[in-house]
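Colleague: make a model of this:
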Amino acid sequence: MGEEGVFHKMKPYLAMIFLQFGYAGMYIVTLVSFKRGFSHWVFVVYRHAVATLVFAPFAFFLEKKTRPKMTISIFFKIMVLAFLEPVLDQNLYGVGIQYTSATFASATVNVLPAITFIMALIFRLEKVNLKKMYSLAKVIGTAVTVTGAMVMTLYKGPAVDIFRNGSHHQAAAGSADQHWVAGTIMLLSCIVGWSAFFILQNKTLEEYPAELSLTSLVCFMGTLEGGVAAVIMERRKSAWAIGFDSRLLAASYSGIVCSGIAYYMQSVVNRVRGPVFVTAFSPLSMIITAVLGALILSEQIHLGSLIGAVIIVFGLYCVVWGKSKENNNKPAGSSDKLVSGKGGQELPIVSDKNFHDVININGDSNINTNGAKPTIRDKNSLHHQQEPRSM
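Modeller: Numbers count the residues shown, from 1 in each chain. The predicted structure follows:
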């Protein structure tokens, strides 16, 4: 019983850690395809087309009974979500990673929790009480994280050749030095778009608590909106050509792992733990990508990136520590926002043991998420307790 409870508590952590490995692989695969001429505009279209084809059938059948009715408000939010992440974020990322490196691009993602925390404060998804130590830690950690991002942007420093293979790419690196600041600005801008995506995703899930359907719709709208942007920005017909090569690998891997699976897992965890928790695991992706980038792509790691990354990680975990202490100080049952659909459906990734005791008969049960046993309303129970019926 104890081990089962620990496992349920670990589910959101394991889900977010798994995604960081997925993102690290994406940084490597996409950069290889970009260096071989794959247009990032076209990549975004193919990526979300793959995600839509793979996940739409699951969403249609698995959430047929629990999917809420589509409204104009929800549809508008989905359109904005598709613009913020698939179109704005990923295209700025595509340019930024080509101007810098896969390692640097993954390192800038460490700013994501701080920016998300600031946005969450603005939209009142997070609260700050400076008299409390955990609130003070969140504020100081955010400031430290932003400082680390500024160090990475303004100071490049000498190359630190950890794996002693920098001679293979010094010429290529030199040609990109002039675009380093521009690439950094684009990467940080894409992080702002990504943070806004998580904030709006949290709001949308309150009206449309169907994670698979939301994932499929965002991917579908991202394909359409990204297609319009690609037609305008990419005039070469050859850019749309794709075969059994790195282009297909990049589109398929990113579409399935980093769009479909990632959007779904983030939706589930976001609905329960909030956007700040979802973004708190990005330093792991930086570490994995740094190792893979140095080994596979022979990338150099610069001193400024290392110093900035260390500062960012320190600030980030001040925020995470404050967030964990805040959850521990909340009243029982209020630390996680448990949202149940009409049929009392349990969240597939982040579940709560109280939901295992819920009995739902034809949608007429009262669900008490504070741990009390559910009660079933009956017409006769308004005046007297119903007598047990014999078989």
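Colleague: residue 204 is in contact with residue 73, correct?
Modeller: No: if you go by CB atoms under 8 Å, residue 73 and residue 204 don't touch, sitting 9.2 Å apart. C-beta: built from backbone N, CA, C; applies to glycine.
Colleague: so those two - more neighbours on which side?
Modeller: residue 204 (23 against 11; other CB atoms under 10 Å).
Colleague: in which helix or strand would I find the nearest residue to that one once chain neighbours are set aside?
Modeller: Excluding the flanking residues, the one nearest residue 204 by CB to CB, 6 or more residues apart in numbering is residue 77, at 4.5 Å. Taking DSSP states H and E as the definition, residue 77 sits inside helix 72-82.
Colleague: average pLDDT for that helix?
Modeller: Helix 72-82 shows a mean pLDDT of 95 in the predicted model.
Colleague: against which helices or strands is whichever helix or strand comes after that helix packed?
Modeller: Counting by DSSP H and E, the next helix or strand C-terminal to helix 72-82 is helix 90-99. If contacts are counted by 3 or more CB pairs under 8 Å, 6 or more residues apart in numbering; DSSP states H and E, helix 90-99 sits against helix 2-35, helix 40-62, helix 102-108, helix 180-207, helix 211-233.
Colleague: now the first one and helix 90-99, what's the angle there?
Modeller: Interaxial angle of helix 2-35 relative to helix 90-99 (axes from the mean of the first three to the mean of the last three CA atoms, to 10 degrees): 70 degrees.
Colleague: ok now helix 2-35, how far from the chain's centre?
Modeller: 10 Å (CA atoms, centre = their mean, to the nearest Å).
Colleague: please apply the same query to stretch 108-120.
Modeller: 11 Å.
Colleague: buried residues, it. List them.
Modeller: Buried positions in stretch 108-120, judged by neighbour count with 16 or more other CB atoms under 10 Å: 108, 109, 110, 111, 112, 113, 114, 115, 116, 117, 119, 120.
Colleague: what do you get for stretch 30-49?
Modeller: For stretch 30-49, by 16+ other CB under 10 Å, it's 30-34, 38-49.
Colleague: can you count the residues close to residue 66?
Modeller: Residues near residue 66, counting by other CB under 10 Å: 16.
Colleague: got it, and residue 71?
Modeller: Residue 71, neighbours per other CB under 10 Å, totals 11.
Colleague: also the one 4 residues further on?
Modeller: For residue 75, the tally of surrounding residues (other CB under 10 Å) stands at 13.
Colleague: spatially central residue in this structure, please.
Modeller: residue 266 (5.1 Å; CA atoms, centre = their mean).
Colleague: ok now the host helix or strand of it, how far from the chain's centre?
Modeller: Taking DSSP H and E as the definition, residue 266 sits inside helix 262-273. Mean-position distance between helix 262-273 and its chain equals 8 Å (CA atoms, centre = their mean).
Colleague: any idea of the mean pLDDT in that helix?
Modeller: 88.
Colleague: after it, next one along is what?
Modeller: helix 275-278.
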